[in-house]
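Trainee: Compute the structure for the input listed below.
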Amino acid sequence: MNVTSRLSDLRLALPAAAHRISRADLVFLGLEHGGPSVEVRIFFNAPNADESTPATAEEGFVGVFSIFGHGGCYGDEGHCDVPEHRRPHDQRPPHPLTPITKHVTVTEAVRRLTAEGATEVTVTIVPILHDVPAYVPEELHADPVRYQRLSLVSYE
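Mentor: Now for the predicted structure:
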């Protein structure tokens, strides 16, 4: 089963054209990975992009990343809850469902847009679920890409 949803109308400011950037990244902070595994395609200024949109610069495609999801929680109540606080000097590894950070390098697309005089960009995220196992709860299909913050970071 393939499932697709789309997140659009995410507007981000671009660096000023006068800045000579050496690199630009889209940074997803607090990205959750407790749901299904998902391929995440990213498009600039392509609000109607979906799974059938070609992954080309002409169509606004700027990058892709994957999330290896945990497929839901099957332990006792509270088993999958990520603790909000840890004691100082706690040597244990972080909880397996601690949100992660993903960086997607979008340098060429940002350079092209700023050279054209653009001051902002609309980001469209197209999550694609491939062959979702039957045991993954249905409510996790509807919103497979959840994160706390999306930023465009540029480096001079």
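
Trainee: which intervals of this structure have sub-threshold pLDDT?
Mentor: Where the chain drops to pLDDT under 70, the residues are 1-9, 70-72, 79, 135.

Trainee: Can you tell me which residue sits nearest the middle of it?
Mentor: Centroid-nearest residue in the chain: Phe28, 5.3 Å away (criterion: C-alpha atoms, centre = their mean).

Trainee: For it, give me phi and psi.
Mentor: phi -100, psi 110 (degrees, to the nearest 10).

Trainee: Residue most distant from the centroid, the protein?
Mentor: Quick read of the chain (C-alpha atoms, centre = their mean): farthest out is His89, 31.1 Å.

Trainee: Doesn't that one lie inside a strand?
Mentor: No. Going by DSSP: H, G, I helix; E, B strand; the rest coil, the assignment for His89 is coil, not a strand.

Trainee: can you tell me how far it sits from Val82?
Mentor: 19 Å (C-beta to C-beta, to the nearest Å). Every residue, glycine included, has its C-beta placed from N, CA and C.

Trainee: follow-up on the earlier one: distance of the residue farthest from the centre of the chain relative to His95?
Mentor: His89 is 17 Å from His95, by C-beta to C-beta.

Trainee: How about Phe28?
Mentor: With C-beta to C-beta as the criterion, Phe28 and His95 are 19 Å apart.

Trainee: next one: Gly60
Mentor: 36 Å.

Trainee: and what of Val126?
Mentor: In terms of C-beta to C-beta, Val126 sits 29 Å off from His95.

Trainee: between these two, who's got more neighbours?
Mentor: Val126 (24 against 12; other C-beta atoms under 10 Å).

Trainee: Am I right that Arg92 sits in a strand?
Mentor: No. Counting by three-state DSSP, Arg92 is located in no strand; its state is coil.
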